[in-house]
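Student: With the input below, show me the fold.
(chains A and B)
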Amino acid sequence: MPDGGVPVLDVKDLKTVFRTRSGEIHAVNSVSFDLRPGELLGVVGESGSGKSVTMMSLIGLLPSPPAEVRGGTVMFDGEDLLKVREERLRALRGARIGFVFQDPMTSLNPVFTVGYQIMEPLRKHMGLDKQAARNRARELLELVGIPDAARRLGDYPHQFSGGMRQRVMIAIALACDPEVLIADEPTTALDVTIQAQILELMKELREKLGMAVIWITHDLGVIAGIADRVMVMYGGQVVEQAPVRELFGNPQHPYTRALLKTVPSVSGARAEKLAVIEGQPPILSSAPAACPFRARCPQAFDRCERENPARVPVGPGHDAACFWDPATGGPRDV
Amino acid sequence: MFDTRTGRKLVEVRNLKMHFPIYAGLLRRRVGEVKAVDDVSFDIYEGETLGLVGESGCGKSTCGRAVLRLYDITSGSIWINGDEIGEADFHSLRRLRPTMQMVFQDPQASLNPRMTVARIISEPLDEHTRLSRAEKNERVFDLMDAVGLNRDFANRYPHEFSGGQRQRIGIARALALNPKFIVCDEPIAALDVSIQAQVVNLLEELQAKLGLTYLFISHDLSMVRHIADRVAVMYLGKVVELAPRDALYATPKHPYTEALLSAVPEPDPTIETRKKHILLKGDVPSPANPPEGCNFCTRCPKVMDICRKVEPPTFEVAPGHQVACHLYSETTHETAGETAAAEAHKSIQQGE
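Tutor: Below you'll find the model as predicted:
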């Protein structure tokens, strides 16, 4: 696992707000993280936790209005992506930062052939001519394990199965050798046996190509098998961040601890009754002045009502945003 | 755990087939059929939960709907609580409906957005009972209490609730007529992890309190391990393995079950990095054109010549543990066959 080195992506204090008719929704609140070369950062959270909106904000993919990036910096190769012009962003997206989205059916254009859609970034960003782009597209399909690649370039998305479509999406994302790949729930729409194929493919590709990956998911099992480092989001904030073994072995935030307990497993001991996180996730209608998890937290005390905890270091490469210390069972000294 | 030896069979499904015709061409001629459910048999004992698992397109939802006669089945018989409903006509079926209910996957789509919660829950009462208005209201409030919904919200509309609460509304509606048997079709698939546990615990509480029998359909193998007493695994319209829960998860017999279980990622990095995944090649074949022989022969890592020619019968490899696979053809139906099956299994693994 790579550590140290200059981060390829450095996000500080990112804030994103949606303006709606019934007021503002503070979807992302002061999110900071970095991504080191060659590492896979897993981002875990439930729907509405702000994980996808964070990643869409970084690269200007949110429609504005209603979305508005209110503050923060996103440093990528010496540039602040929140300040650069739209044309510059467009040159980076797809070329140096690639994406894979959840639903491979809606993110491929049904009226163009798969070959055309893989060749498009190659011709736009890398200036390849038609023949060179076609050759590269065939190589890419072979790379992601699609049999009979040369012939399948002429097929349309509906002629591929779900798993094959997701392979095509990965091929498009990898077309220009990106330094960063952002994958937003890439296996959620797939069956487990197909998911296992895609996860295996991803591991191989990282070894071969060495890009840094941000992998968004709600599935702790997927994260456990693939990530180097994990960031847990709740209520638009990062509540905990740690190397993968540390996070699963020594979770510090009450949300992470509860989340790990609610998930049953196919092996090991079977609980008679599932652990439950009572209540509902918060509605983010104002900038948070208190801990977003306090209403559902078994450990909440008066300070959690008054202040929003900042992330504090709790171990090597491990930080958590909580006033409570599981080691002592009492308030943390911060 | 549930004991099948002493229980009474509430549901008996025999040789159930549900084929959907395919029409094509200018004259819309019948050119084939999708064999969504193809010769499926199982029993569900009173008070137990039978888990029905499989990947998308394997026919598990169609099977659940067919068992409640939401479709006109192609052939087979279904006995629920002593009544044959496979052939039953509209009127007798309607009389039997209160005993069998369903909880749907998508609580957004299965609740009428223009009806209040109270009306949604009381609709089955309007249709099937002659309660007075006051009695109905009382029943609706009782049901809302039972599923953990606040009575004050009875006059709200479904969109005002979160996903987990909507699923509670759907469960309250299913309970309204005191059913014996409920088909839960992916009831937690649309919910967040922290909410899934709430709904599963609610279903378990209600089962204990009301003595309900569930057919729990899901693609989530870890959740089925939690809730089910016995588990049936479907692949391409057929039940390939059916066993008590612990036996199925500890010693899966069918190569598909093995692969399916090994593909589920474990929420533990130490196990996950050490675990050997069985990667299946390719995709599920189309149920309109299943392969000859065993349906799984195109992807099976242990495929033999016979699998491509002859459809495997179902063998009982241990009491209550059925598997449809040629690997077990040596075994007899007695329990003594168990060890022989394990040995045959081992030698095949070594032979690879």
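
Student: Can you tell me which residues in the stretch 1-150 of chain A are near chain B?
Tutor: Within the stretch 1-150 of chain A, the positions adjacent to chain B are A:E46, A:S47 by C-beta under 8 Å from any C-beta of the partner chain. Quick note: C-beta positions are derived from backbone N, CA and C, even for glycine.

Student: What segments of the stretch 1-150 of chain A are strands?
Tutor: A:9-20, A:23-35, A:40-44, A:67-76, A:79-80, A:97-100 (DSSP state E, counting those that start in this stretch).

Student: Pipe those strands into a markdown table and attach mean pLDDT per row.
Tutor: Putting the strands of the stretch 1-150 of chain A into a markdown table (pLDDT from 0 to 100) gives the following:
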| stretch | mean pLDDT |
| --- | --- |
| strand A:9-20 | 92 |
| strand A:23-35 | 91 |
| strand A:40-44 | 95 |
| strand A:67-76 | 90 |
| strand A:79-80 | 90 |
| strand A:97-100 | 89 |
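
Student: need those in TSV with mean neighbour count, can you?
Tutor: Shown next, in TSV, are those (neighbours: other C-beta atoms under 10 Å in any protein chain shown):
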stretch	mean neighbour count
strand A:9-20	18
strand A:23-35	20
strand A:40-44	25
strand A:67-76	17
strand A:79-80	13
strand A:97-100	24
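
Student: Not counting sequence-adjacent ones, nearest residue to B:H321?
Tutor: B:A243 (4.1 Å; C-beta to C-beta, 6 or more residues apart in numbering or on different chains).

Student: picking up where we left off before, relative to A:P288, which of the strands of the stretch 1-150 of chain A is closest?
Tutor: A:P288 lies closest, by C-beta to C-beta, to one member of those: strand A:23-35, at 5.7 Å.

Student: would you turn the strands of the stretch 1-150 of chain A into TSV with distance to B:E330?
Tutor: TSV is the format used below for the strands of the stretch 1-150 of chain A (distance: least, C-beta to C-beta, whole Å):
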stretch	distance to B:E330
strand A:9-20	58
strand A:23-35	55
strand A:40-44	46
strand A:67-76	62
strand A:79-80	68
strand A:97-100	46
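
Student: Tell me where the longest helix sits in the chain.
Tutor: Let's take chain A. helix A:192-209 (DSSP state H).

Student: my bad, the chain I had in mind was chain B
Tutor: Chain B, longest helix under DSSP H: helix B:193-210.

Student: near chain A, anything from that one?
Tutor: Yes. Under the criterion of C-beta under 8 Å from any C-beta, chain A is reached by helix B:193-210 at B:V193, B:S194, B:I195, B:Q196, B:A197, B:Q198, B:V200, B:N201, B:E204.

Student: What residues of that helix count as buried?
Tutor: B:193-204, B:206-207 (16 or more other C-beta atoms under 10 Å in any protein chain shown).

Student: Hmm, B:L131 is touching B:R139, no?
Tutor: Yes. If you go by C-beta atoms under 8 Å, B:L131 and B:R139 touch, sitting 6.7 Å apart.

Student: more neighbours, those two?
Tutor: Taking neighbours as other C-beta atoms under 10 Å in any protein chain shown, B:L131 and B:R139 compare with B:R139 leading, 18 against 14.

Student: Assign a three-state SS to that one, would you?
Tutor: When classified by DSSP: H, G, I helix; E, B strand; the rest coil, B:R139 comes out as helix.

Student: Can you get me a residue count around the nearest residue in space to it that is not next to it in sequence?
Tutor: Of all residues not flanking B:R139 in the chain, B:L125 sits nearest, at 6.2 Å (C-beta to C-beta, 6+ apart). When neighbours are counted by other C-beta under 10 Å, B:L125 registers 19.

Student: Confirm B:L125 sits in a strand?
Tutor: No. Applying three-state DSSP, one finds B:L125 to be helix, outside a strand.

Student: gap between it and A:M233?
Tutor: 43 Å (C-beta to C-beta, to the nearest Å).

Student: before we move on, what about A:A150?
Tutor: 42 Å.

Student: Give me the more crowded residue out of the two.
Tutor: Using other C-beta under 10 Å as the criterion, A:A150 and A:M233 rank with A:M233 on top: 26 against 13.

Student: Residue 318: neighbour count?
Tutor: I'll assume chain A. With other C-beta under 10 Å as criterion, A:H318 counts 17.

Student: try again with chain B
Tutor: 18.

Student: Show me the beta-bridge partners of it.
Tutor: Beta-bridge partners recorded for B:A318 (DSSP bridges): B:H321.

Student: With adjacent residues omitted, what lies nearest to whatever residue of the stretch 1-150 of chain B ends up closest to chain A?
Tutor: Nearest residue of the stretch 1-150 of chain B to chain A (C-beta to the nearest C-beta) works out as B:E55 at 3.8 Å. Among residues not flanking B:E55 along the chain, A:D191 sits closest, at 3.8 Å (C-beta to C-beta, 6+ apart).

Student: just for chain B, where's the confidence low?
Tutor: In the predicted model of chain B, residues B:1-6, B:331-352 satisfy pLDDT under 70.

Student: could you pull out the helices for it?
Tutor: Using DSSP H, helices in chain B cover B:60-67, B:90-96, B:117-128, B:133-146, B:163-175, B:193-210, B:221-227, B:245-250, B:255-263, B:269-274, B:337-351.

Student: how far does the fourth one sit from the chain's center?
Tutor: Spelled out, that is helix B:133-146. 30 Å (C-alpha atoms, centre = their mean, to the nearest Å).

Student: same thing with the first one?
Tutor: Relative to the chain's own centre, helix B:60-67 is displaced by 7 Å; criterion: C-alpha atoms, centre = their mean.

Student: Quick one: residues contacting the residue in the stretch 201-350 of chain B positioned nearest to chain A.
Tutor: Going by C-beta to the nearest C-beta, chain A is nearest to B:P265 of the stretch 201-350 of chain B, at 3.2 Å. Going by C-beta atoms under 8 Å, 6 or more residues apart in numbering or on different chains, B:P265 touches A:Q195, A:A196, A:L199, A:D219, A:G221, A:V222, A:A224, A:G225, B:E272.
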